[in-house]
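> Sequence and predicted model, in that order:
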Amino acid sequence: MRVFVAGHRGMVGSAVVRALETQPGVTVLTRTRQELDLTDPVAVDRWFSRETPERVVAAAARVGGILENSRRPVEFLLDNLRIQNNVMESAFRHGCKKLLFLGSSCIYPKHAPQPISEDALLTGPLEPTNDAYALAKIAGIRLAQAYRDEYGKSAICAMPTNLYGPGDNFDPETSHALPGMITKFHRAKVRGEREVVLWGSGSPRREWLHVDDLAAGLLVLLEAYDGRGIVNVGTGEDMTIRELAEKVRQAVGFSGEIRWDSARPDGTPRKLLDVARIRKLGWRPTVPLAEGMAATYEWFLRNAPEARDG
């Protein structure tokens, strides 16, 4: 079985590669951005015609936090549309037997009922700070479903919750909340500062899933699921951003204070996924948040450029 992981250098893609490499009889195919530009339809089609992987995990995407999404909606929309369209079209043209498309929990309405079931898609307005990215992902879901409807192709879609772990983006200007906090607390600790300023009120609620747990869930979907409906992947438990910040502060060992800048946006008030569908397939997360956060900070210290910018 030859499996192409698009986006293998990202946090999700690298975790999927680690998980696949433990499976007997699996050959993992990867290409860097320099080797294969996924926004180039000609290059992508040539690669698939030559390599013909039987399965594809479409984890490549342009991603970022609230600030980056707000600053660059054109790039977030166009780049993600190009990547997912090129990968899906060429994969199925050249014999792919099953494709797993990675979406995001931000596809759901800003004020969706909690916990958010898969049926909430397209039932209300999106969070405006990342609607360009969300719309691209929604288009990817519909394209996967269209390939199933029109051509009978096996295309499945997973919607992960907020993720963290090794390989994350720790740049506080472009990262998501948890890795951005790690960098801010670490720098403040190294510099001997007395406080760290964080965005918003701290009141929004989020759930956090270790990326290795996600990868294990995706392997379950590849083997045991072949439905048209999208599948949420999360922990089923959430906390406030304020509570998260305290846990990150403790993991990093910063002893100063946290000041909240309420002039900054909070984003979606709450985002907790209903994970009943994937739990019926037998998957459960196994990495406790405190343990995963400590391991992530250790990875950050060894590997992240931001750890050396203190």
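Arrived safely, thanks for sending.

> Looking at stretch 13-21 now, give me its mean pLDDT.
Averaging pLDDT along stretch 13-21 gives 98.

> would you put the C-alpha positions of it in CSV?
Extracted C-alpha coordinates of stretch 13-21, given in CSV (Å, rounded to 0.1, in the frame of the first residue of the first chain):
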residue,chain,number,x,y,z
GLY,A,13,1.2,15.6,8.2
SER,A,14,4.3,14.7,10.2
ALA,A,15,2.2,13.0,12.8
VAL,A,16,0.3,11.0,10.1
VAL,A,17,3.7,9.9,8.7
ARG,A,18,4.8,8.7,12.1
ALA,A,19,1.6,6.7,12.5
LEU,A,20,1.8,5.2,9.1
GLU,A,21,5.4,4.2,9.5
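
> buried sites along it?
Under the neighbour-count criterion of 16 or more other CB atoms under 10 Å, stretch 13-21 has 13, 14, 15, 16, 17, 18, 19, 20 buried. The C-beta positions use only the backbone N, C-alpha and C, and glycine is treated the same way.

> now, which of those sits nearest residue 282?
residue 19 (15.7 Å; CB to CB).

> Outline the domain layout of the protein.
2-164+209-233, 177-205+237-271+288-308 (automatic domain parsing).

> Endpoints of the longest one, how far apart?
So the one you mean is domain 2-164+209-233. One end of domain 2-164+209-233 to the other measures 24 Å (CA to CA, to the nearest Å).

> Ok, the last one next?
The first and last residues of domain 177-205+237-271+288-308 sit 20 Å apart, counting by CA to CA.

> Mind checking the pLDDT average for it?
Regarding domain 177-205+237-271+288-308, the rounded mean pLDDT is 95.

> Show me where the stretch 201-310 of the chain has its strands.
Assigned by DSSP state E, counting those that start in this stretch, the stretch 201-310 of the chain shows strands spanning 205-206, 208-210, 231-233, 239-240, 257-261, 270-271.

> Deepest-packed of the ones you listed, please.
Of the strands of the stretch 201-310 of the chain, the one with the most neighbours on average (mean count of other CB atoms under 10 Å) is strand 231-233, at a mean of 26.

> Pull up the pairing partners for that one, direction included.
strand 155-160 (parallel) (DSSP bridges).
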